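1. can you look at this prediction? I've put the sequence above it.
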Amino acid sequence: MKFGDVIMEKTDYLALKKVLNFNKYYHDNLQNDALEILKVSLDHAKICDTSELPGDIVRLYSNVTVAMSGKQQMFQLVLEPDGINDDGKVSVRSILGAALIGRSVGDQVQVPGNMDPIMIEHVEWLPKEKMSYSLKNE
């Protein structure tokens with residue numbers, strides 16, 4: 001990892017802690033795997049204010065470009081549980097989303113079930129007023 005640790009913005013960290021608390025009794029194996037990845041990341045994350053956060057960190061509601069199996073893919077990382085890639089969104093509650101949050105451009109992540117590592121190529125943050133930290137469907 002480029003920075004040695006998962007790095008998270010304070011508001012993102014608090015929102016993700018709520019996700020874990022709301023979903024700790026979830027019984028879907030795929031979501032449980034994603035939540036476990038998320039828990040490990042949160043347990044080891046370096047927490048920063050927005051002003052201290054490096055500009056190439058994957059955070060909630062950022063637009064992320066990755067290389068997967070030799071192909072580029074762009075999506076927005078969202079908090080909502082129903083974010084799936086066919087609408088240009090990936091939920092942080094998915095295995096891919098949980099693996100990417102707090103990582104930076106140039107990092108490679110290995111996702112269970114995917115043979116090739118996924119390379120983070122570009123991250124673009126949304127303006128703060130376009131971010132929504134409300135927990136839908138909870």
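-> That came through fine.
2. which parts of the protein are helices?
-> 10-22, 29-43, 95-100 (DSSP state H).
3. among those, which is nearest G113?
-> Closest of these to G113 is helix 95-100, at 7.5 Å (criterion: CB to CB). For the C-beta atoms, the positions are set from N, CA and C on the backbone; glycine is no exception.
4. now do that closest one: everything it contacts.
-> Applying CB atoms under 8 Å, 6 or more residues apart in numbering, the external contacts of helix 95-100 come out as 30, 33-35, 37-38, 41, 58, 64, 66, 77-78, 83, 90-92, 109-113, 118, 120.
5. low-confidence stretches in this protein?
-> In the predicted model of the chain, residues 24-30, 82-86, 128-138 satisfy pLDDT under 70.
6. show me what contacts the most centrally placed residue in the chain?
-> The residue lying closest to the centre of the chain (CA atoms, centre = their mean) is I101, at 2.8 Å. By CB under 8 Å, 6+ apart, I101 lies in contact with 6, 8, 12, 16, 38, 41, 58-60, 77, 92.
7. ok, V40 next?
-> Counting by CB under 8 Å, 6+ apart, V40 has no contacts.
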